[in-house]
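>>> Could you work out the structure for the sequence below:
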Amino acid sequence: SSHLHPRGPSFHIAAMRSNTMLMSLLVAAGAAFAFAAEGSCANPSHRQHHVLLQSWHSQSSSATSLNEAIADHSYQDRTLVSNEGMSVSEQQDTQTFASLFWCPPRWQRHSAHAIPLSDSSYAPVFASFPPGATAVTSAIVVIHGASREAEGYFGGMVDMVRQQKKDKHTLVVAPAAADKPCSAANWSHGADGVPDDAQAPHWTSLRRWMYGGDADSKEHHAGLSSFDVMDSVVAWIQVKYPNLQRLVVTGHSAGAQHVLRWAVMSPEGADGVTRYRGHHLPLTIIVSSPSSVIYLSEERPASTCRPEEDQGPHWSCSEFSTPGPDSNCDSNWDTYGAGIGGLYEGASKEGKIRYE
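Okay, the predicted model is just below:
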């Protein structure tokens, strides 16, 4: 759901690793699951459990647009600490993770499709059924991680669907976040009614894509964010597959960060259904192993919610509080990325949540 909630997102989050693909398939087949993902403001004594999210820098009284929030902060002297303790700076954003986005696709070209975004732009995706397939009743949208290996994620999910003998009716769609220009002619030979010279939006900054920033190219994609592209993917699936009955959107790692923040900012998924032109299909969002999460209020789990030992899958926390001056949080603990500070309507003419 996109509704703001005092305890965080009101949609269900599945925080899983190796079983993410199977879980997505089971949900698409009608099974029901609910897992809670808990986290907190970064605490240096818990680096093995939490990422230190150094968000964009702003004064607490100033609000800005989502795009400005991502671009405004200088990351060169700030770092993120991964679960293994490895420091990764924004300055190294495009170097730390070798991109596996290929244009044209390397081995899944027969499954490559172009979703029209405008007269001059399209979204590159892989789909396991051609548009118009009437056999499709369930769909899984899988979002790749930092490697941008959409082909690998697509192939893995298709294999899982086939192993579970659900491939006759389950569609797999894997959008690709480009990091360089890619024409429709190179991607899918201009199929799907998209002109050959149409260009895919691309993001050289991984973080910019994860957090919903605008695409790099202003000539073809002015004002087009990565969240807009996700909305278009969800809409396209509903239009092109007329017998669709349910939809699952899932992401892993960097893809999970993208999916989680998209779920908060997009009207898709409010009340557990899609919103495109009144379709209102059941929509389940599964987030797998994000290295950071976004909170929808200033409350954070209390220190008792961060034990050193694994508490098992059924453990939960019910103690929340607002970090005070004596906490280990820095001044950016609630700015966009970690929270929604500065993105509320009325704070400035630019600042608002997309749902509103």
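>>> To what extent is the residue nearest to Ser321 when sequence neighbours are not counted buried, counted in neighbours?
Of all residues not flanking Ser321 in the chain, Ala302 sits nearest, at 5.4 Å (CB to CB, 6 or more residues apart in numbering). Using the backbone N, CA and C atoms, a C-beta is placed for each residue, glycine as well. By the criterion of other CB atoms under 10 Å, Ala302 has 13 neighbours.
>>> try the one 4 residues further on
Neighbours of Arg306 under the rule other CB under 10 Å: 17.
>>> State the distance from it to Arg300.
Counting by CB to CB, to the nearest Å, the gap from Arg306 to Arg300 is 10 Å.
>>> Report pLDDT for the residue nearest to Ser321.
What the model reports as pLDDT for Ala302 is 83.
>>> Arg78 too?
29.
>>> just Trp102 next, same as before
At Trp102, pLDDT is 92.
>>> name the element it belongs to?
Assigned by DSSP states H and E, Trp102 belongs to no helix or strand.
>>> now do His220
Counting by DSSP H and E, His220 is found in helix 218-221.
>>> pull the CA atoms of that helix into CSV?
C-alpha atoms of helix 218-221 as CSV (Å, rounded to 0.1, in the frame of the first residue of the first chain):
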residue,chain,number,x,y,z
LYS,A,218,17.0,15.1,-21.0
GLU,A,219,16.5,15.1,-24.8
HIS,A,220,14.3,12.0,-24.9
HIS,A,221,13.4,11.5,-21.2
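>>> List the buried residues for it?
Of the residues in helix 218-221, those with enough neighbours to count as buried (16 or more other CB atoms under 10 Å) are His220, His221.
>>> How about stretch 298-318?
By 16+ other CB under 10 Å, the buried positions in stretch 298-318 come out as Glu299, Arg300, Pro301, Ser303, Cys305, Arg306, Cys317.
>>> Surely Trp262 is within a helix?
Yes. Assigned with DSSP: H, G, I helix; E, B strand; the rest coil, Trp262 falls within a helix.
>>> so it sits right up against Phe227, yeah?
Yes. Counting by CB atoms under 8 Å, Trp262 touches Phe227, with 4.9 Å between them.
>>> and these two? which has more neighbours close in?
Ranked by neighbour count (other CB under 10 Å), Trp262 and Phe227 place Trp262 first, with 28 against 23.
>>> Contacts only, for that one.
The neighbours of Trp262, taking CB atoms under 8 Å, 6 or more residues apart in numbering as the test, are Gly212, Ser226, Phe227, Met230.
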